[in-house]
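>>> here is my input; please provide its structure:
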Amino acid sequence: MQTPQKIAVVGSGLVGTLLAIYLRKQGHTVHVYDRSPDIRTVEFSGRSINLVMSNRGWKAMADVGLENEIRKIGIPVDKRTIHLKDGNLNYQYYGKDGEAIFSLSRGVLNRRMIDLAEAEGVAFFFEHKIWDVTLATSTLHIGESERGEWTELQYDKVFGADGAFSRIRHRMQRQSMFDYSQEFMKIGYKELHIPANADGTHKIDKNSLHIWPRGNFMLMALANLDGSFTCTLFMPFEGENSFEQLIDEATLVAFFANFFPDTAAVIPDLVNDFFKNPTSYLAIMKCYPWTYEDKVALIGDASHAIVPFYGHGMNSGFEDITVLSEMMAKYGDDWKTIFSEYQKSRKPNADAIAELSLRNFIEMSTKTADVNFLLQKKIEKSFSDKHPDKWIPLYSRVTFSLQPYSEALAIGDFQNKIMEQVMQMPNIEQIWNSEEVENKIIDLLNSN
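Predicted coordinates:
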């Protein structure tokens, strides 16, 4: 146990709330501030993308005894179901038999996490607007407006878990030698909804990540416990097949009839959902350093916001907490070293998952409908099943292991170079499952 301190966490989202539980279990006094109302008292919809929990997230939950509690509100997802334009379905299973990610509603999970944090003794202060922080003294400045009167709140430590547009990071950016970049994608997203059947069952397979890949745009859907699905339409803001073109009901209905014909039977409120829900933006944010002395630290999206296409925004944020906790166990009350080692460990891995997430949009929107890509994945799975000591597919490294993201990315690139050569073999479509192909992969592995 560390010497108890008075610690503020700014942001009551998933990462901030789980961090508060960790800190509380170490004996610290923990206050969580959020400018928004208590999520347990408001309707949560309109701009959500369902979350998927994988091994890194489960590890962070298990370390504080919450894994079983959270599994109760998740749905296992063991495959992608690809909806082709002609109405046919392709199935791409994740990992080995029994390996699955878990679909979780962001609102349901966040509400449950706040309840669990309060049960641990964490104090929450909703509708409290933090405008600034004095880094040297870890003093928060709170007030009704940015230009109004502020009150000072003194703490021993402050954690900025306040998302991609963090106020805590905003102050840190004004230091010299602070690197910062923000990039908005040309693609946005809009939430849609598949309701449950009258008896509460799901209209389509609940144990799949459903993807309608259409090149530079796609639709995806993940199941909720109440029988519904949260759907997300990703597409460019401008140009051909973009949000700017879908300006009225007739155009929207014709667009979906053309590109997503099988959704007509399952998205009855398409028009209402589309024009009611906002079109949201996607941004990648990188910065460094993440900490100031032994006083202030950034965590989760406040330090590394990524796009959602690998399903690892939450998982990477939770892994931040795992690593921070490991450093706390290792270095005790030496918070300066804890913060320093935490950021050095996490920065290259945060950059790696940002790159992997960007790449996965191309895979999901385009490659999942490509016959050569599907064949490559089939060869990889077959070889991995026979030689698990020689080959673990990239997706499994990222999602079903705790291997650092940076290592997974490097090995994935190496494996892809091998597969590029394998895919050039004559008649690969006919010989894909042969000893010849197996030996070719082994030879390429041994020669590098």
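>>> tell me where the model's unsure across this protein.
The model of the chain has pLDDT under 70 over residues 44-47.
>>> quick test: name the residue nearest the centre of it.
In the chain, the centroid-proximal residue (Cα atoms, centre = their mean) is Gly313; its distance is 2.5 Å.
>>> distance of it from Leu356?
12 Å (Cβ to Cβ, to the nearest Å). Heads up, the C-betas are built off the backbone N, CA and C, glycines and all.
>>> ok, and the closest non-adjacent residue to Phe255?
Using Cβ to Cβ, 6 or more residues apart in numbering and skipping the chain neighbours, the partner closest in space to Phe255 is Leu246 (6.0 Å).
>>> could you report the neighbour count for the one you found?
Look at Leu246: counted by other Cβ atoms under 10 Å, it has 20 neighbours.
>>> how about the one 3 residues further on?
Counted with other Cβ under 10 Å, residues neighbouring Glu249 total 13.
>>> do the same with Glu240
That count, for Glu240 with other Cβ under 10 Å as the rule, works out to 9.
>>> that one belongs to a helix?
No - per DSSP: H, G, I helix; E, B strand; the rest coil, Glu240 lies outside any helix segment and is coil.
>>> dihedrals phi and psi, it?
phi -70, psi 140 (degrees, to the nearest 10).
>>> right, and the helix or strand after the helix or strand where Lys347 lies?
Secondary structure assigned from DSSP states H and E places Lys347 in helix 335-365. Heading C-terminal from helix 335-365, the first helix or strand you meet, by DSSP H and E, is helix 371-386.
>>> rewinding a little: now do the residue nearest to Phe255 against Phe259, distance only.
11 Å.
>>> relative to Gln343, how far out is Trp290?
Counting by Cβ to Cβ, the gap from Trp290 to Gln343 is 4 Å.
>>> show me what contacts Ser208?
Residues in contact with Ser208 (Cβ atoms under 8 Å, 6 or more residues apart in numbering) are Val77, Asp78, Lys79, Arg80, Thr81, Tyr91.
>>> swap the cut-off to 6 Å and go again
Taking Cβ atoms under 6 Å, 6 or more residues apart in numbering, we find Ser208 in contact with Lys79, Thr81.
>>> now do Ile168
Each residue near Ile168 by Cβ under 6 Å, 6+ apart is listed here: Val10, Val133, Gly160.
>>> who's the last one bridged to?
Spelled out, it's Gly160. The partner list for Gly160 in beta bridges (DSSP bridges) reads Val10, Leu298.
>>> what's the spacing between it and Ala283?
Remark: distance between Gly160 and Ala283 (Cβ to Cβ) = 17 Å.
>>> these two: which has the busier surroundings?
Between Gly160 and Ala283, counted using other Cβ under 10 Å, Gly160 has the larger neighbour count: 29 against 14.
>>> just checking, the more buried one touches Arg167?
No - when contacts are counted by Cβ atoms under 6 Å, Gly160 is not listed as touching Arg167 (7.5 Å).
>>> the helix holding Lys347 packs against which elements?
helix 313-331, helix 405-422 (3 or more Cβ pairs under 6 Å, 6 or more residues apart in numbering; DSSP states H and E).
>>> wait, which of the ones you listed is closest to Ala119?
Of all the helices and strands packed on helix 335-365, helix 313-331 sits nearest to Ala119, with 18.1 Å by Cβ to Cβ.
>>> which helices and strands sit right next to that closest one?
With contacts taken as 3+ Cβ pairs under 6 Å, 6+ apart, helix 313-331 sits against helix 14-25, helix 55-62, helix 335-365.
>>> the ones you listed: which one's closest to Pro195?
Nearest to Pro195 among the helices and strands packed on helix 313-331 is helix 335-365; the distance by Cβ to Cβ comes to 24.2 Å.
>>> which SS class is the closest residue to Met53 other than its chain neighbours?
Spatial nearest neighbour of Met53, excluding adjacent residues (Cβ to Cβ, 6+ apart): Phe102 at 4.4 Å. Following three-state DSSP, the label given to Phe102 is strand.
>>> for Phe102, give the beta-bridge partners.
Here Phe102 shows beta-bridge partners Met53, Pro76, assigned using DSSP bridges.
>>> next, count neighbours for the residue nearest to Arg35 when sequence neighbours are not counted.
Nearest residue to Arg35, sequence neighbours excluded (Cβ to Cβ, 6+ apart): Lys129, at 4.5 Å. For Lys129, the neighbour count with other Cβ under 10 Å is 17.
>>> for Lys129, give its distance to Asn427.
Distance from Lys129 to Asn427, counting by Cβ to Cβ: 65 Å.
>>> same question for Lys79.
As judged by Cβ to Cβ, Lys79 and Asn427 stand 29 Å apart.
>>> who has more neighbours, those two?
Of the pair Lys79 and Asn427, Lys79 is the one with more neighbours under other Cβ under 10 Å, namely 18 against 9.
>>> surely Glu341 meets Met327?
Yes - using Cβ under 6 Å, Glu341 makes contact with Met327 at a distance of 5.0 Å.
>>> which residues touch the strand or helix carrying Ala250?
Assigned by DSSP H and E, Ala250 belongs to helix 249-259. With Cβ under 6 Å, 6+ apart as the test, helix 249-259 has contacts from Arg214, Leu246, Val271, Phe274.
>>> let's see 8 Å
Under the contact criterion Cβ under 8 Å, 6+ apart, helix 249-259 has outside partners 85, 212, 214, 241, 245-246, 263-264, 267, 270-271, 274-275.
>>> now the element after that helix, going C-ward?
Assigned by DSSP H and E, the successor of helix 249-259 is helix 270-276.
>>> overlap in contacts, Gly160 and Arg167.
Val10, Val133.
>>> the nearest residue to Tyr180 once chain neighbours are set aside sits in which helix or strand?
If the residues on either side of it in the chain are set aside, Tyr180 comes closest to Cys287, at 4.5 Å by Cβ to Cβ, 6+ apart. If you go by DSSP H and E, Cys287 is part of strand 283-288.
>>> contacts for the helix or strand just after that strand, please.
Note on strand 283-288: by DSSP H and E, the next helix or strand toward the C-terminus is strand 291-292. Residues from elsewhere that reach strand 291-292 (Cβ under 8 Å, 6+ apart): Leu135, Ala136, Met172, Gln175, Ala297, Leu298, Phe339, Ser340, Tyr342, Gln343.
>>> would you map the strands across the stretch 1-150 of the chain?
Here the stretch 1-150 of the chain has its strands, by DSSP state E, counting those that start in this stretch, at 6-10, 29-34, 51-53, 75-77, 79-83, 89-93, 101-104, 123-126, 130-134, 139-143, 150-154.
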